[in-house]
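1. only the shape, not the letters, is given here:
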C-alpha cells in the first residue's frame, strides 16, 4: 500500500476541484492505497496537507489547471495532470503515483553505474526558495566535485529569477546521471528514462565530490513503472513535453489570472447588488441611483464605493499581475499589476489588462534570461533589476502604444453592445449561451464568462446576465430529465441528478459534466440548445445583471436584475428545452447498449 497526497485546483476552485478530489479518493480506495487530498481555488485551500503528511508520502499528485506552489514537495516524486484527466482517469494517476514500492522492484529500476573506462557526464539542477545564495553555492559545489573526479558537468540553476544555464535536450540525452540538489520542487518531466538522484542543496555545498560519487551508484531510473520494461505513458509524456517546449501556454496563463481575479469581481458585484437593495429599501425607486453624490455617506452609497471603486478597481491589476506571474513567476508580478493599473488609467479596461499581463510576463521572462550577472550580484535581479526594467518597459508600452487604441476598441465594443437591437442582442446571447454549455468549465465556457465579467467594468451588464442564465440551465436540465425521464438514466445517474440540481441553482455549470462525459453526442447538443435559448431570451428582452455570480440567490436582491420576470422566463425556457431534448435523444436504458464515448469527444466535454 502506497501513501499518497494530492492537490486539486481549477480556476474557480469549485466544481472541477472537488470532482477531481473525489475521483482520486475513490480510485485510491479501490486500489488499496492511502490518499489525502488538499483542494485549492478562489475560496482558498481546504483540508490543508501538513508537513508530516507530505514527508510521509511516497508520491504527490498535482491535478491542477492553474499554477500551484510546489515548494512544499521538494524531493518528492510528483505526477502532474489536469482536473479533467483526474475526473476521467483517476485510476491511471493513482497507479502512476503509487509505482512500485517493494525493495526488490526498487532495486530492479536501478540501472548500472557507468562502465569502467567511460568518462561520466553529469547534469544537475540546483534550487532554493529564493534562488540566490544556496542555489549558486550548490551549483558550484557540484561543478567543483565533478571536475575534481575528471567528469564532464553542467548545472542548471533555478529560483525566483527563473532558470540559469539551462540544460538542453542534448545535454540531458548525453548524461549518465541527473543530480537534483534542490530545496524546492523541480519538474522532472524532462528526465523520463534517465538515472536521477534527488537531494537537498546542503550535501552539494558541503561535499560535492561525495555527492557525485553517491549519485552515480544510487541513482534510479525516473519514469520506469515496471522492472525490465518501458513505461510507454512516460515516454509519450516526455515526447509531448519535448514537442511543446517553449510554446506559450496561453490558456493556462490567462486562467491563472482569471482565477485570482474572480474573487474581486464576485465580491464587488455582490456588494454593488447589496448597495442597490439597501438604496431601494431606504429611498424606494430612487435607490437605483444610490451611486450618485447626493447619497454620499449613506450605507448604500458606501457599499457601492467599496464594490465599484475598491473590488472592481483592483480586478484588472490582479488579472494582469497573475497572468504575468504565471509566465515569469514572482519577478513578473509587479510589472503585471502596474500594467493592469495603467490599463484602467488609460481606459483600455480588461482587454488592456490582458495585454498588459502577457506583455509583462514575456518581457520579464526575456529580461530574466538575457541579463547575466556575476553570481555574487544575482540577488539584485529579482529585487531591483527585473521589477525596475519590467515595470518601465510595460508602463511605457501601455501609456504610449497599447492604451489609446485598445481604449478606442473597448469604447467601440461597449457602444456596439449597448446599441444592439433585440434581434442582434438575441443572437449574441445565443452565442454566449451555447459557449457556456459547450464544455461546461473548459476553455470555451471560460472565454464566454471572462468576456462577460470583463464588461462589468464598462457598465455593460447584459452579457453577464445571459452567461449566468445559460450556465444555470445545463445542470438544472439534467436534474429535471432524471425526474421526468427516469428510464433514460441509471439509478446512480438519477441520484447524481439531485446534486446537479443544487449546483444548477448555484450557477455551477460543471454539475452536468458527469452526464456529458458518459454520453457526449446526445447530452452536449441538448444542453447547448437550451443554454442558447436562455441566453437569447435574456439579452433580447434587455435583462441586466449587476452581480457576476450567485445563481438563483441573486434574484432575491432588489434591483440586482433588470427585467426580473423575463430573466426567470429565460432560465425556465432554456431548462425546459434541454430537458425535453434529453428525453428525446437519450434512449431508454433497457433498449440501448452502453454508450462508449471516444476519448477526443469526452475531452471536449470536460475542463
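-> Yep, that arrived. Just so it is clear, the model here is predicted, and its values are computed rather than measured.
2. can you tell me the helix or strand for the closest residue to residue 455 other than its chain neighbours?
-> Counting by C-beta to C-beta, 6 or more residues apart in numbering, the nearest residue to residue 455 once its immediate chain neighbours are dropped is residue 463, at 5.7 Å. C-betas here are computed from N, CA, C, even on glycine. For residue 463, the enclosing helix or strand under DSSP states H and E is helix 462-484.
3. what's the distance between that helix and the middle of its chain?
-> 24 Å (C-alpha atoms, centre = their mean, to the nearest Å).
4. and the gap between the residue nearest to residue 455 and residue 416?
-> 12 Å (C-beta to C-beta, to the nearest Å).
5. wait, is residue 521 part of a strand?
-> No - according to DSSP: H, G, I helix; E, B strand; the rest coil, residue 521 belongs to no strand; its state is helix.
6. pLDDT score for it?
-> With respect to pLDDT, residue 521 has a value of 86.
7. what do you get for the one 3 residues further on?
-> According to the per-residue confidence, residue 524 scores 89 in pLDDT.
8. what residues sit buried inside the helix holding residue 463?
-> 462-482 (16 or more other C-beta atoms under 10 Å).
9. on that earlier part again, in terms of contact, does the residue nearest to residue 455 touch residue 452 like I think?
-> Yes - using C-beta atoms under 8 Å, residue 463 is in contact with residue 452, at 4.0 Å.
10. overlap of the contact sets of the two?
-> residue 432 (C-beta atoms under 8 Å, 6 or more residues apart in numbering).
11. following whichever helix or strand residue 8 is part of, which helix or strand shows up next?
-> Element membership for residue 8 (DSSP H and E) is strand 3-9. Next in sequence after strand 3-9, counting helices and strands by DSSP H and E, comes helix 15-31.
12. contact partners of the helix or strand that that next one is followed by?
-> Counting by DSSP H and E, the next helix or strand C-terminal to helix 15-31 is strand 34-40. Here strand 34-40 makes contact (C-beta under 8 Å, 6+ apart) with 1-9, 13, 17-18, 21, 24-25, 28-29, 45-49, 53, 57, 64, 68, 94.
13. buried ones only from those residues, please, as a ChimeraX command.
-> ChimeraX command restricting these to the buried ones, with burial defined by 16+ other C-beta under 10 Å:
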select :2,4,5,6,7,8,9,13,17,18,21,24,25,28,49,57,64,68,94
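14. which residue lies nearest the spatial centre of the chain?
-> By C-alpha atoms, centre = their mean, the chain has its centre lying nearest to residue 66, at 2.4 Å.
15. ok now stretch 479-498, how far from the chain's centre?
-> 31 Å.
16. now swap in stretch 145-155 and tell me
-> 40 Å.
17. in that stretch, what's buried?
-> For stretch 145-155, by 16+ other C-beta under 10 Å, it's 145, 146, 149, 151, 153, 154, 155.
18. in helices, which of the residues you listed appear?
-> 145, 146 (DSSP state H).
19. any stretches of the stretch 251-400 of the chain with poor pLDDT?
-> 285-288, 375-376, 378-379 (pLDDT under 70).
20. again, but for the stretch 1-150 of the chain
-> Applying pLDDT under 70 to the stretch 1-150 of the chain picks out residues 12-14, 42-44, 100-118, 129-133.
21. all strands of it, in order?
-> 3-9, 34-40, 59-64, 78-81, 121-127 (DSSP state E, counting those that start in this stretch).
22. possible to save those strands as JSON lines with distance to residue 402?
-> Shown next, in JSON lines, are these (distance: least, C-beta to C-beta, whole Å):
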{"stretch": "strand 3-9", "distance to residue 402": "31"}
{"stretch": "strand 34-40", "distance to residue 402": "32"}
{"stretch": "strand 59-64", "distance to residue 402": "31"}
{"stretch": "strand 78-81", "distance to residue 402": "34"}
{"stretch": "strand 121-127", "distance to residue 402": "34"}
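23. can you tell me the distance between the two ends of stretch 67-84?
-> Length of stretch 67-84, first residue to last, C-alpha to C-alpha, to the nearest Å: 15 Å.
24. torsion angles phi and psi at the closest residue to residue 502 other than its chain neighbours?
-> With sequence-adjacent residues excluded and distances taken as C-beta to C-beta, 6+ apart, residue 502 is closest to residue 511, at 7.7 Å. The phi/psi pair for residue 511 (degrees, to the nearest 10) reads phi -60, psi -20.
25. list the contacts of residue 511.
-> 15, 474, 475, 478, 499, 500, 501, 502, 503, 504.
26. can you rerun that using 10 Å?
-> Residues near residue 511 by C-beta atoms under 10 Å, 6 or more residues apart in numbering: 14-15, 19, 440-441, 472, 474-476, 478-479, 496-497, 499-505.
27. how close does residue 269 get to residue 275?
-> Distance, residue 269 to residue 275, using C-beta to C-beta: 11 Å.
28. shared neighbours, the two?
-> Common contacts of residue 269 and residue 275 (C-beta under 10 Å, 6+ apart): 307, 308, 546, 560.
29. wait, is the first one part of a helix?
-> Yep, that's residue 307 we're talking about. Yes - under three-state DSSP, residue 307 falls within a helix.
30. please name the nearest non-neighbouring residue to it.
-> residue 271 (3.1 Å).
31. and that neighbour, how far is that from residue 290?
-> Here the criterion is C-beta to C-beta. By it, residue 271 lies 12 Å from residue 290.
32. when these two are compared, which one has more neighbours?
-> residue 290 (25 against 20; other C-beta atoms under 10 Å).
33. tell me where the stretch 351-500 of the chain has helices.
-> For the stretch 351-500 of the chain, applying DSSP state H, counting those that start in this stretch gives helices covering 380, 386-397, 403-418, 422-438, 443-454, 462-484, 491-505.
34. what packs against the fourth one?
-> By that I understand helix 422-438. Applying 3 or more C-beta pairs under 10 Å, 6 or more residues apart in numbering; DSSP states H and E, one finds that helix 422-438 contacts helix 403-418, helix 443-454, helix 462-484, helix 520-540, helix 564-585.
35. what's the angle from the fourth one to helix 403-418?
-> For helix 520-540 against helix 403-418, the angle between stretch directions is 90 degrees (axes from the mean of the first three to the mean of the last three C-alpha atoms, to 10 degrees).
36. report the angle between helix 520-540 and helix 443-454.
-> 20 degrees.
37. so what touches the following helix or strand past helix 520-540?
-> Counting by DSSP H and E, the element after helix 520-540 in chain order, helix or strand, is strand 544-545. By C-beta under 10 Å, 6+ apart, the surrounding residues in contact with strand 544-545 are 269, 273, 452, 456, 459-469, 538, 554-555, 559-563, 567.
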